[in-house]
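Visitor: with the input below, show me the fold.
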Amino acid sequence: HLPVEDYLAKKVDHTKETKSHQTRAPISVCHADDDLNTVITKMVKTGYHRVWVVDLDKKPLGILSLTDVFRKVSQALKGDTEGKSASCAVS
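Guide: A predicted model of the protein is given here:
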């Protein structure tokens, strides 16, 4: 298994400019124990709709999407947390 950055470097040229002529960071990652605020902050800063969830060796565990974030926020607003903490854990 390759770290996420190495895998994506082989698949995509991340140095290309976006439509707005700004070079974007290659990827954004979080760890399963990162809190939801950390993940949302990364998404806002990068403009990405997905964040890779990686282990300590940067090996991919999964992907957290905006839909996943919205679901967590919706559950929290309803009080429907089912004993789950608001973390970046992939379920």
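Visitor: which residues of the chain fall in helices?
Guide: 4-11, 36-46, 66-78 (DSSP state H).
Visitor: of those helices, which is nearest P60?
Guide: Closest to P60 of the helices of the chain is helix 4-11 (C-beta to C-beta; 5.0 Å). No exception for glycine: its C-beta is placed from N, CA and C like everyone else's.
Visitor: quick one: contacts for the closest residue to T38 other than its chain neighbours?
Guide: Using C-beta to C-beta, 6 or more residues apart in numbering and skipping the chain neighbours, the partner closest in space to T38 is C30 (6.5 Å). By C-beta atoms under 8 Å, 6 or more residues apart in numbering, the residues touching C30 are 38-39, 42, 51-54, 64, 88.
Visitor: how about L2?
Guide: K59.
Visitor: quick revisit: quick one: the residue nearest to T38 and K78, what's the gap?
Guide: 24 Å (C-beta to C-beta, to the nearest Å).
Visitor: count of neighbours near F70?
Guide: 10 (other C-beta atoms under 10 Å).
Visitor: how about G62?
Guide: 15.
Visitor: touching, it and D55? I think so.
Guide: No. Counting by C-beta atoms under 8 Å, G62 stays clear of D55, with 10.5 Å between them.
Visitor: so which of the contacts of C30 is the closest to P3?
Guide: Closest to P3, out of all of the contacts of C30 and judged by C-beta to C-beta, is V54, at 7.5 Å.
Visitor: can you pull the contacts of the nearest residue to the closest one once chain neighbours are set aside?
Guide: Once flanking residues are discounted, V54 sits nearest to V29: 4.8 Å by C-beta to C-beta, 6+ apart. Contact analysis of V29 by C-beta under 8 Å, 6+ apart lists 4, 51-54, 58.
Visitor: that older thread, just the buried ones from the contacts of C30?
Guide: 39, 42, 51-54, 64, 88 (16 or more other C-beta atoms under 10 Å).
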